[in-house]
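Novice: When you get a sec, could you give me coordinates for this:
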Amino acid sequence: MKLKRYFTREERNEFTVSEIVTTLYIAITTVMTLLLWNSIEKPFEIINIRIWFMAFMLLFYVIHHIYPCRITWLMRILPHLLLLVYWYPETYIFARCHSYFDHIFANIDWLLFGFQPSIEFCKHVTSLFWYEAFNMGYYSYYYIMSIVLLFCLVRRYKDSERYIFIFMASFFSYYLCFELFPVAGPYYYFKAIGLEAARNGIYPDLGNYFAYHNDLNTDIIHAEIRGVFSELVHRVQLAGENPVGAFPSSHVGMSTVTMIMAWKTHNRILFCCLLPFHILLCLATVYIMAHYVIDSITGCITAFMLFWFYNNVYRLMHKVRYIFITK
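Specialist: Numbering: from 1, shown residues only. A predicted model of the protein is given here:
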């Protein structure tokens, strides 16, 4: 039985790439917490959570050391993938210690197009069909990533470690960018300055305004239209969205990284089935005013850069690990 191979003992005592990347991110954000101690909210709680995460990481390592097999190996990997959802809201804690840069990116969109694409896009495309289609694409974000990662773990097990490293390292790269270079996004910024100012190209620097104003303005577009997927997106945003993470768009960036992974698996059915959702997602980031156009473009470009960079980093790590093992 194929299931039996997941319980077959296999000696793999080295640290997983997910443990290495998560530990590095924890170390960097711990240093950031110490440096921003007097400015950051609940610094003791942040440090305490990291201690608990490291303790659980050690626990799963011990379990795998006692009985090394694929199942216990996956037990060491999956929690780190799931915790990526936890780390995102925390980026706002660090971001609110800095001034925001929305005025720069709103101006870039204005200079490129002579208008605000996010406002005009949703203004001219008002049918319920497209409104739901774009919201469906936006809502499919985590599903696209979950499907590809699950496929890699089940059908491309030998290559799964490389894909997980690229995936997690890319995610954490975006998180660090959000924390050090905060941008709230159009539906926060345009609410703060007013739609009339946004339409007329007036984009003032609000400094750290969003450190104290984090109410989500989901009614800024098509408040009268509400379908199944738009309602789901609305609820997700109310549950965990904060004025942070607009530049570059991690929705575009990480879904593009995931699509590159899907292409690299050589399974064209998987890639072609997910491609329409990916395209809708990329368009939706501007349509629902989550991102400026420049955010989404940069998200796509950085996705290819991060995949190339971390793929080469993984190869170097693999060579170094091989040298130490052979010695």
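Novice: Buried residues, the helix or strand harbouring residue 305. List them.
Specialist: Here residue 305 sits within helix 293-326, counting by DSSP states H and E. Buried residues in helix 293-326, counted by 16 or more other C-beta atoms under 10 Å: 293-299, 302-303, 306-307, 310-311, 314. Placement of C-beta: from N, CA and C, glycine included.
Novice: Can you tell me which helices and strands it packs against?
Specialist: Counting contacts by 3 or more C-beta pairs under 8 Å, 6 or more residues apart in numbering; DSSP states H and E, helix 293-326 is packed against helix 102-113, helix 157-180, helix 250-264, helix 268-287.
Novice: Pick the most deeply packed of these.
Specialist: helix 250-264 (a mean of 24; mean count of other C-beta atoms under 10 Å).
Novice: so which of the buried residues of helix 293-326 comes closest to residue 228?
Specialist: residue 296 (24.3 Å; C-beta to C-beta).
Novice: Looks like that closest one contacts residue 252 (just checking).
Specialist: Yes. With contact defined as C-beta atoms under 8 Å, residue 296 reaches residue 252; the gap is 4.7 Å.
Novice: where do the contact lists of those two overlap?
Specialist: Taking C-beta atoms under 8 Å, 6 or more residues apart in numbering as the contact rule, residue 296 and residue 252 both touch 282, 285.
Novice: The worst-scoring helix or strand of the chain on mean pLDDT: which residues count as buried?
Specialist: Across the helices and strands of the chain, mean pLDDT, DSSP states H and E gives its lowest value to helix 228-240, namely a mean of 75. Neighbour-count burial for helix 228-240, counted by 16+ other C-beta under 10 Å, picks out 229, 230, 233, 234, 237.
Novice: My guess is residue 295 contacts residue 106. True?
Specialist: No. Taking contacts as C-beta under 8 Å, residue 295 lies outside contact range of residue 106: 10.6 Å.
Novice: secondary structure element for residue 53?
Specialist: Counting by DSSP H and E, residue 53 is part of helix 43-66.
Novice: Could you point out the helix or strand that follows that helix?
Specialist: helix 70-82.
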